[in-house]
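In: Here you go, sequence then predicted model.
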Amino acid sequence: MILWSKGLGKLVLNMRLSERSSTEDQGEKLVIDGTMGPPTHWDYAVKMNEEDVLDFVELLKQPAPVRFLVEGERRGALIRTALVSGVVFAWNTIRCFLGMEARGPAPAEEAQGSQTTKNAS
């Protein structure tokens, strides 16, 4: 993801959400923390409320993002990610409704997934 602002002039900041430090629920906000890549290496925190997350999900249903991903070079990664994410989301949703703690991938699996993604690009 590229972050650009008029206040930054011609400086382009690179944020890779896959390289985030943490993702956690902080009351009414979902907070994603990490450090931007070169040229700045600044720490960042993205704070989203429920509507923001729903807007991202809605965005993925629009023709332009779907076309962008399907016509890209990494179709296999797209299909794999969509299928696995759908199953994990459904499983965690069921667990939450039953009052059980939702679970994400184990740290080793998450690191391996990130490494696989990096190798595929």
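Out: Looks like it came in fine.

In: number of nearby residues for the closest residue to Met15 other than its chain neighbours?
Out: Leaving aside its sequence neighbours, Met15 sits nearest to Met1 (CB to CB, 6 or more residues apart in numbering; 4.7 Å). All C-beta spots, glycine's among them, are computed from the backbone N, C-alpha and C. Number of residues near Met1 (other CB atoms under 10 Å) recorded here: 10.

In: And Asp33, by the same measure?
Out: Close neighbours of Asp33, defined as other CB under 10 Å, add up to 14.

In: And the residue nearest the centre of this protein?
Out: Leu17 (5.3 Å; CA atoms, centre = their mean).

In: returning to what we had before: return the residues in contact with the residue nearest to Met15.
Out: Met1 sits next to 14-17 when contact means CB atoms under 8 Å, 6 or more residues apart in numbering.

In: lowest-pLDDT helix or strand in the chain?
Out: Comparing helices and strands within the chain by mean pLDDT, DSSP states H and E singles out helix 107-120 as the least confident, with a mean of 45.

In: Confirm that Thr93 sits in a strand.
Out: No. With DSSP: H, G, I helix; E, B strand; the rest coil as the criterion, Thr93 is assigned helix and is not in a strand.

In: nearest residue to Val53 other than its sequence neighbours?
Out: Leaving aside its sequence neighbours, Val53 is closest to Leu30 (6.1 Å, by CB to CB, 6+ apart).

In: if I've got this straight, that neighbour is in a strand?
Out: Yes. The assignment for Leu30 by three-state DSSP puts it in a strand.

In: what pLDDT does it get?
Out: Looking at Leu30, its pLDDT is 94.

In: going forward can the numbers begin at 11, since that is how I track them
Out: Shifting the count to begin at 11 puts that one at Leu40.
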